[in-house]
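# sequence and computational prediction follow.
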Amino acid sequence: MEPFKEHFSFANARKIAAEIHRVYPGFDMKTFTRGLEKKLAPLELKQRMQAVADHLEAALPLETPALFAVMVKALAGEDKRGLRGFSVWPLTEIVARRGLGHFAESMDALAQMTQRFTAEFAIRPFIRHHREKTMRQLHRWCDHPNEHVRRLVSEGSRPFLPWGGNLYELLDSPYQTLDLLEKLHRDPSDYVRLSVANHLNDFSKGNAKLVIDTLARWRKSAPHDPHLDKLSRHACRTLLKNGHPAALKLHGYGSADSLEIESFNLQGSPIRIGEKIGYRIVIRNHSHQSLRLMFDYAIHHRKANGTLTPKVFKGRVKDLAAGESWEIHGAHSFRQVTTRVYHAGKHQFEPRLNGRVFPAIEFELKL
């Protein structure tokens with residue numbers, strides 16, 4: 001699989017420039033390309049995007065409203081020509097840089113750009129510097145006919161957004177974005193509802209009670225809406241992984257006190273990167289009543305300094321009758337991914353049942 005940073009290879013950067021030149025012949029291609037290839041080579045994804053944005057600005061020495069108009073004109077239309085996907089990211093970056101003094105033009109541009117990629121990162125400077133005005137705009141967008149714009153409302157205003165910079169100020173009580181989620185939690189788009197769940201999961205890291213109370217209220221007001229069950233599970237994923245009692249109760253999971261791991265072993269150790277560690281676990285419900293069981297597991301990865309840090313992975317869910325046992329077979333892959341660096345040495349596989357941590361087994365990873 002090609003690294004994500006190759007979305008902003010020199011060849012792809014030239015394609016972005018060509019689309020802008022198509023709609024604006026005054027675009028200075030020589031200025032855009034000068035020194036760019038050498039600059040991009042050592043950079044990672046976000047830094048490459050920012051470098052492309054730098055060169056686009058340099059090649060388009062226009063006043064801000066005119067610059068935005070050119071970029072919007074270069075976006076993909078119904079005829080399939082124009083920019084979409086990652087190619088739009090540098091354009092949203094330029095709006096974030098240049099638009100704080102041109103609020104209306106910025107909002108119009110981001111509403112168009114987010115329909116071709118996402119403007120979730122670019123909206124955040126406006127929340128920081130023009131919070132009240134931007135919040136009013138987000139409320140208006142809750143009724144926008146395009147799901148990508150409605151999703152921008154929730155995703156762009158998340159307190160914790162990967163690569164977007166945290167907005168701790170939105171966690172001041174009362175939570176300022178909760179009213180947005182009230183409008184969007186029954187949106188017809190699964191894409192929007194997933195963002196609502198992500199937003200609530202952010203809340204759960206500092207105010208679990210708010211999240212659980214909100215979800216319980218929503219489910220009570222619409223008990224036959226199947227989408228709310230999925231939203232609720234995703235919104236509580238961190239709480240469930242951590243065994244939060246109220247979150248477990250909300251989703252029908254009982255206490256793990258009556259659960260016993262009768263057998264647990266690993267197959268394949270030692271393993272190498274690219275291989276899998278197999279596991280077999282037998283769980284029994286010793287209570288006198290049925291119990292909904294959530295099996296997760298944590299892999300304690302070895303860091304460069306020799307310490308271990310856990311990463312929880314979702315397993316499976318099953319309703320166990322009184323006295324019933326459940327035999328689980330599975331495998332965890334150690335394939336190489338860009339988001340993790342593996343280190344040789346002892347690791348651990350740790351079962352978790354309804355949030356309760358059970359003793360781990362060691363295994364060895366070799367490079």
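Arrived safely, thanks for sending.

# buried set for the helix or strand hosting Val95?
If you go by DSSP states H and E, Val95 is part of helix 89-98. For helix 89-98, the neighbour count (16 or more other C-beta atoms under 10 Å) marks 89-96, 98 as buried. All C-beta spots, glycine's among them, are computed from the backbone N, C-alpha and C.

# just the strands from the stretch 151-300 of the chain, written as ranges.
259-267, 271-272, 276-285, 291-302 (DSSP state E, counting those that start in this stretch).

# mind putting these into JSON lines with distance to Glu324 and mean neighbour count?
What follows is the strands of the stretch 151-300 of the chain, written out as JSON lines (distance: least, C-beta to C-beta, whole Å; neighbours: other C-beta atoms under 10 Å):
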{"stretch": "strand 259-267", "distance to Glu324": "11", "mean neighbour count": "14"}
{"stretch": "strand 271-272", "distance to Glu324": "32", "mean neighbour count": "16"}
{"stretch": "strand 276-285", "distance to Glu324": "6", "mean neighbour count": "18"}
{"stretch": "strand 291-302", "distance to Glu324": "9", "mean neighbour count": "19"}
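
# mind putting those strands in CSV, distance to Val312 and mean pLDDT included?
Converted to CSV, the strands of the stretch 151-300 of the chain look like this (distance: least, C-beta to C-beta, whole Å; pLDDT from 0 to 100):
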stretch, distance to Val312, mean pLDDT
strand 259-267, 17, 96
strand 271-272, 20, 96
strand 276-285, 15, 97
strand 291-302, 5, 95
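
# to Pro25, which of those strands lies closest?
Evaluated over the strands of the stretch 151-300 of the chain, closeness to Pro25 peaks at strand 291-302, with 52.9 Å, by C-beta to C-beta.

# what is the closest one packed up against?
When contacts are defined as 3 or more C-beta pairs under 8 Å, 6 or more residues apart in numbering; DSSP states H and E, strand 291-302 sits against strand 276-285, strand 308-320, strand 325-333, strand 345-353.

# run the angle between the last one and strand 308-320 for me.
If you take axes from the mean of the first three to the mean of the last three C-alpha atoms, to 10 degrees, strand 345-353 sits at 30 degrees to strand 308-320.

# so for the following helix or strand past strand 345-353, mean pLDDT?
Moving toward the C-terminus from strand 345-353, the next helix or strand (DSSP H and E) is strand 356-357. Confidence for strand 356-357, expressed as mean pLDDT, is 92.

# could I have the CA atoms of stretch 254-266 written out in PDB?
Coordinates of each C-alpha in stretch 254-266 appear next as PDB, following Å, rounded to 0.1, in the frame of the first residue of the first chain:
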ATOM      1  CA  GLY A 254     -23.600  -7.500  33.600                       C
ATOM      2  CA  SER A 255     -20.800  -7.700  36.200                       C
ATOM      3  CA  ALA A 256     -17.800  -9.800  35.300                       C
ATOM      4  CA  ASP A 257     -17.600 -11.200  38.800                       C
ATOM      5  CA  SER A 258     -19.300 -14.500  37.800                       C
ATOM      6  CA  LEU A 259     -17.100 -14.900  34.700                       C
ATOM      7  CA  GLU A 260     -14.200 -17.300  34.800                       C
ATOM      8  CA  ILE A 261     -11.500 -18.000  32.200                       C
ATOM      9  CA  GLU A 262     -11.200 -21.800  32.300                       C
ATOM     10  CA  SER A 263      -8.500 -22.000  29.700                       C
ATOM     11  CA  PHE A 264      -6.300 -19.500  27.900                       C
ATOM     12  CA  ASN A 265      -3.300 -20.100  25.700                       C
ATOM     13  CA  LEU A 266      -1.400 -18.500  22.800                       C
END
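
# mind putting the buried residues of helix 89-98 into TSV with pLDDT and distance to Cys236?
Putting those into TSV (pLDDT from 0 to 100; distance: C-beta to C-beta, whole Å) gives the following:
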residue	pLDDT	distance to Cys236
Trp89	98	31
Pro90	98	36
Leu91	98	36
Thr92	98	31
Glu93	98	33
Ile94	98	38
Val95	98	34
Ala96	98	32
Arg98	97	40
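
# poorly predicted segments of this structure, please.
Where the chain drops to pLDDT under 70, the residues are 1.

# from Val52, how far out is Glu93?
Glu93 sits 9 Å away from Val52, taking C-beta to C-beta, to the nearest Å as the criterion.

# hmm, back to that, ok, so of the buried residues of helix 89-98, who is nearest Lys366?
The closest of the buried residues of helix 89-98, once distances to Lys366 are taken by C-beta to C-beta, is Trp89, at 38.2 Å.

# related to what we said a few turns ago, just send the helices and strands packed on strand 291-302 back as a markdown table, with distance to Lys80 too.
Output for these, formatted as a markdown table (distance: least, C-beta to C-beta, whole Å):
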| stretch | distance to Lys80 |
| --- | --- |
| strand 276-285 | 41 |
| strand 308-320 | 37 |
| strand 325-333 | 37 |
| strand 345-353 | 47 |
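
# mind checking which of those strands is nearest Ser157?
Closest among the helices and strands packed on strand 291-302, using C-beta to C-beta: strand 308-320, at 26.3 Å.

# nearest approach to Arg158 belongs to which of the strands of the stretch 151-300 of the chain?
strand 291-302 (23.8 Å).

# partner strands of the closest one and their direction?
Here strand 291-302 has these sheet partners by DSSP bridges: strand 308-320 (antiparallel), strand 345-353 (antiparallel).

# how distant is that strand from the center of its chain?
21 Å (C-alpha atoms, centre = their mean, to the nearest Å).

# angle of that strand against strand 276-285?
Interaxial angle, strand 291-302 versus strand 276-285 (the same axes, to 10 degrees): 150 degrees.

# and for the residue in the chain sticking out farthest from the centre, nearest residue in space, chain neighbours not counted?
The centre of the chain is farthest from one residue, His288, which by C-alpha atoms, centre = their mean lies 40.4 Å away. Nearest residue to His288, sequence neighbours excluded (C-beta to C-beta, 6 or more residues apart in numbering): Ala322, at 5.1 Å.
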